[in-house]
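Asks: only geometry, no sequence info:
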């Protein structure tokens, strides 16, 4: 288990080497991080009992012969913060393997090349994980009377974390990656944060191939009224960067030369939240528009609007009720315009639905393009209208959560019409029509606070798979099979 040996080696290096640095220079160091292991059993990972070894173009089948997936994963990130003086702090994050840890038994790495979904996941940026030891973040934080500056490789968060997530929660395997400069200006309760980032240079030191991002956010944060209100505006340019790959020939496969051409996109992400006594409400509305670039031989515009709502009411110290609702854009299949939006993979609503990239179950070592690795955790809520009702019950060191989730697809395939396969990221002509029913899911989880730093979690869920996933783009749809997940997690935060 190479990944565990790497983790052990990294721990020794951090504990001994960094301790010596601290002693030599007498700099205060704040040690933070997490280490977690989980083991999940997912039945019927192909979502059907039928044969799915040769899916047709446009099909939502998951290729595979096994019917049960055993997903043993780990998460590790180590965050030393070095206080250089009263005005400068250096912060970093180290990890190993893919997605801050990876899967137990897999010592390889994952190259973030988007597997042909470059046009859909254009805001999903993460550090390339191609070394045993990964420096996910390293930046300096400079404090002055004018503003607080961050310079280097850092994470970014906005709103509810639906599109931009800093990955600060337990079991957040990803974070929104930026490399550049940002400044935070504070005017009372108003925070203004402009930033410049060169996320990737495409392997060359010219403008060709780079991914450049300019952004500014305005946030009004009034702690006396428990209210936040803000807007994030960003402008992103890409110039044929190989990290954004697209199925340009629309054949369901992705070759190395199929890159997204020059794009010029703008995002407006509105956010508001407030507590009214024991009642909380938070909302995020991301809107993306602009020029996506050349997609399948056609200059394509990007226009997508989504709505995310979170509410909860705390009846007393034991009981809390949640209601979450979302409308996430799907693509209509129209030539010349792309309308789907994929939320950040950290933002999840269920134990099964949208949580796993099921194509990775039997393709961890070889992706669809025959070279790169799949990632079991790289999956996003997309093309959906969903509703979640959940209840929390606390008793001593135990917290139980009971949830019901229902989802329906926004866009589906229509017979003889150009459609978009949201699971695999390409357009095709539909031979038949597709159901919009994504199904229902029932989840039960518990957290046991073993000690102040250690949490044991139990996971169970039963997903009544909707006929949306029965679609094969042939006259014979699959018979869907319901899925069940059970598992445990153990997470140490320090």
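Replies: Yep, that arrived. Just so it is clear, the structure is predicted and the values come from calculations on it, not from any experiment.
Asks: what residues are up against residue 234?
Replies: Listed by C-beta atoms under 8 Å, 6 or more residues apart in numbering, the contact set of residue 234 reads 213-216, 266-267, 269. (C-beta placed from N, C-alpha, C; glycine too.)
Asks: where in the stretch 301-450 of the chain is pLDDT low?
Replies: The stretch 301-450 of the chain contains residues with pLDDT under 70 at 364-373.
Asks: quick one, strands of it?
Replies: 307-314, 319-328, 337-338, 384-395, 398-409, 418-421, 426-429, 437-451 (DSSP state E, counting those that start in this stretch).
Asks: in its sheet, what does the last one sit against?
Replies: Same thing as strand 437-451. Sheet pairing for strand 437-451, assigned by DSSP bridges, gives strand 398-409 (antiparallel), strand 454-465 (antiparallel).
Asks: verify the stated contact: residue 180 with residue 201.
Replies: No. Counting by C-beta atoms under 8 Å, residue 180 sits too far from residue 201 to count as a contact (11.9 Å).
Asks: before we move on, back to that, let me know the closest of the contacts of residue 234 to residue 387.
Replies: Nearest to residue 387, judged by C-beta to C-beta, of these is residue 269 at 22.2 Å.
Asks: list of residues touching the helix or strand the closest one falls within?
Replies: Using DSSP states H and E, residue 269 sits in strand 263-276. Applying C-beta under 8 Å, 6+ apart, the external contacts of strand 263-276 come out as 122-123, 158-160, 163-164, 219, 225-238, 280-293, 302.
Asks: now the end-to-end length of stretch 347-359.
Replies: 20 Å (C-alpha to C-alpha, to the nearest Å).
Asks: could I get the buried residue list for it?
Replies: 347-359 (16 or more other C-beta atoms under 10 Å).
Asks: dump those residues to a markdown table, plus distance to residue 473.
Replies: Shown next, in a markdown table, are the buried residues of stretch 347-359 (distance: C-beta to C-beta, whole Å):
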| residue | distance to residue 473 |
| --- | --- |
| 347 | 29 |
| 348 | 28 |
| 349 | 27 |
| 350 | 26 |
| 351 | 29 |
| 352 | 24 |
| 353 | 22 |
| 354 | 21 |
| 355 | 25 |
| 356 | 23 |
| 357 | 20 |
| 358 | 18 |
| 359 | 16 |
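Asks: can you pull the contacts of residue 388?
Replies: Residue 388 is in contact with 322-325, 349-350, 403-406, counting by C-beta under 8 Å, 6+ apart.
Asks: in CSV: the residues you listed, plus distance to residue 434.
Replies: Output for the contacts of residue 388, formatted as CSV (distance: C-beta to C-beta, whole Å):
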residue, distance to residue 434
322, 31
323, 29
324, 25
325, 23
349, 22
350, 21
403, 27
404, 24
405, 21
406, 18
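Asks: now do the strands in the stretch 1-150 of the chain.
Replies: 29-43, 68-83, 88-96, 101-103, 133-143, 148-156.
Asks: so which of these gets nearest residue 442?
Replies: When these are compared by C-beta to C-beta, strand 29-43 sits nearest residue 442, at 14.5 Å.
Asks: quick one: strands adjacent to that closest one?
Replies: Strand pairing for strand 29-43, using DSSP bridges, gives strand 68-83 (antiparallel), strand 483-493 (antiparallel).
Asks: who wins for proximity to residue 363 among those?
Replies: With C-beta to C-beta as the measure, strand 68-83 is the member of those nearest residue 363 (11.8 Å).
Asks: mind listing what's buried along the closest one?
Replies: Neighbour-count burial for strand 68-83 [16+ other C-beta under 10 Å]: 69, 71, 73-80, 82.
Asks: these: which two are farthest apart?
Replies: 69 and 82 (41.2 Å).
Asks: re the thing from before, quick one: closest of the strands of the stretch 301-450 of the chain to residue 140.
Replies: Across the strands of the stretch 301-450 of the chain, closest to residue 140 is strand 307-314 (C-beta to C-beta), at 32.9 Å.
Asks: give me the number of residues near the residue nearest to residue 264 when sequence neighbours are not counted?
Replies: Leaving out its chain neighbours, the residue that sits closest to residue 264 by C-beta to C-beta, 6 or more residues apart in numbering is residue 291, at 4.7 Å. Residue 291 sits with 16 neighbouring residues when counted by other C-beta atoms under 10 Å.
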